[in-house]
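**Student:** I'd like to go over a predicted model; first the sequence, then the structure.
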Amino acid sequence: MFKCTCCGECCRNLDKSNFYKELDIGDGTCKYLDGNKCSIYDERPLLCRIDKSYEVYFKEYYSREEYYELNYNVCKQLQNKGG
């Protein structure tokens, strides 16, 4: 399972991908972000679910470990940019 640090940076940088356009309030922030947490966490879109996204979209292209590593690397980049 992907271990999220709950920093909220991924939800503050939606403008980096057109996949999240419908969630963006216009400044790159998700309309469901409340503090650092998702206000619709249990009902969040599939693309916001790292583990399920892997199964649906990425398992043919990456091992689970590779996919997690890619996500962790982006997470760290976003955290360093914000900090």
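**Tutor:** Arrived safely.
**Student:** from Glu65, how far out is Gln77?
**Tutor:** Note on Gln77: its distance to Glu65, by Cβ to Cβ, to the nearest Å, is 19 Å. Every C-beta, even on glycine, is put in place using the N, C-alpha and C of the backbone.
**Student:** neighbour count winner among those two?
**Tutor:** Gln77 (12 against 8; other Cβ atoms under 10 Å).
**Student:** which SSE is the more buried one in?
**Tutor:** If you go by DSSP states H and E, Gln77 is part of helix 64-82.
**Student:** how far does that helix sit from the chain's center?
**Tutor:** Taking Cα atoms, centre = their mean, to the nearest Å, the mean C-alpha location of helix 64-82 is offset from the chain mean by 10 Å.
**Student:** how about that helix: buried residues?
**Tutor:** For helix 64-82, a neighbour-count test (16 or more other Cβ atoms under 10 Å) marks Tyr67, Tyr68, Asn71, Cys75, Leu78 as buried.
**Student:** then stretch 37-53?
**Tutor:** Buried residues in stretch 37-53, counted by 16+ other Cβ under 10 Å: Cys38, Arg44, Cys48, Ile50, Ser53.
**Student:** how about stretch 54-65?
**Tutor:** Tyr54, Phe58.
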